[in-house]
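K.L.:
This is a predicted model, with the sequence first.
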Amino acid sequence: MGRADIARVLYLDDCKPSGCVVYPGPDDARINRSSIVERQIYLDPFSHDDAVWTDLVACMRRMYDPFELEITTSNPGDAPHIELMIAGFPQAVGLVHAGGAAVAPCPQNVRDNALGFVFASAIEPDVLCWSAAQESGHMFGLDHSLHPLDPMTWLAPPVIKPAFQDANAACGETEARPCACNVQHQNTYEVLLSVLGPRQAFRR
């Protein structure tokens with residue numbers, strides 16, 4: 001179960017110690033290239049303390065625990081992976097009020113080496129995990145959800161140990177709209193299961 005053609009590795013990059021330089025072009029996390037940026041940009045390194053980073057990584061591992069996904073903080077280099085840079089301000093990519101940015105393909109079009117962003121310097125520590133789960137969720141084929149406990153919601157940061165919900169929910173930001181990819185509703189748990197499969201080899 002799950003896609004056989006993707007590596008199932010998510011790299012959380014704090015851009016330490018010297019920040020990250022990102023180049024415009026077709027997405028390729030191996031060479032820091034992103035279709036989101038229109039020019040070469042620089043992201044300041046992760047600005048919160050080490051304890052916040054440790055909590056964030058642990059929270060992301062809990063979020064994805066049901067699925068076959070390795071979450072690493074070590075750069076995979078040239079090996080296929082999906083990367084989330086958790087650093088800097090949204091203004092670096094030409095945004096103002098944004099906690100993150102990522103391209104959201106349909107589940108069947110998820111590909112290795114996508115690159116997304118969480119603008120940690122503009123986000124309070126208690127919503128970092130929610131933002132990171134949402135942006136990484138986009139790269140794994142998820143739309144925004146109106147389920148109030150799902151990390152893909154815009155309604156408010158979920159406050160009771162959020163998880164990808166095994167329930168059909170309308171898509172949208174603040175009100176219902178058609179989901180992307182020609183589906184009527186979205187079950188974020190089932191979508192991730194179809195892409196990643198259930199956790200097996202990476203179970204801790």
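P.N.:
Great, that's in hand.
K.L.:
Give me the outermost residue of this protein relative to its centroid.
P.N.:
Ranking residues of the chain by C-alpha distance from their mean position (Cα atoms, centre = their mean) puts Gln184 at the top, at 22.7 Å.
K.L.:
Could you pull up phi and psi at the nearest residue to that residue once chain neighbours are set aside?
P.N.:
Nearest non-adjacent residue to Gln184, counting by Cβ to Cβ, 6 or more residues apart in numbering: Pro178, 7.7 Å away. Every residue, glycine included, has its C-beta placed from N, CA and C. Main-chain dihedrals, Pro178, degrees, to the nearest 10: phi -60, psi 140.
K.L.:
Look at the spatially most central residue of the chain and give its secondary structure.
P.N.:
Nearest to the geometric centre of the chain sits Ser136, at 1.3 Å (Cα atoms, centre = their mean). Classification of Ser136 using DSSP: H, G, I helix; E, B strand; the rest coil returns helix.
K.L.:
now Tyr23
P.N.:
Applying three-state DSSP: Tyr23 is strand.
K.L.:
Could you tell me how far it is located from Arg39?
P.N.:
9 Å (Cβ to Cβ, to the nearest Å).
K.L.:
Who has more neighbours out of the two?
P.N.:
Of the pair Tyr23 and Arg39, Tyr23 is the one with more neighbours under other Cβ atoms under 10 Å, namely 13 against 9.
K.L.:
For Phe67, list the residues it contacts.
P.N.:
Contact partners of Phe67, counting by Cβ atoms under 8 Å, 6 or more residues apart in numbering, are Gly2, Leu192, Leu193, Leu196, Gly197, Pro198, Arg199.
K.L.:
scratch that, Cys20 is what I was asking about
P.N.:
Per Cβ under 8 Å, 6+ apart, neighbours of Cys20: Asp13, Asn32, Tyr42, Leu43, Pro45, Met85, Ala87, Gly88.
K.L.:
Compare these and tell me which has the most neighbours.
P.N.:
Met85 (27 neighbours).
K.L.:
gap between it and Ala98?
P.N.:
From Met85 to Ala98 the distance is 14 Å (Cβ to Cβ).
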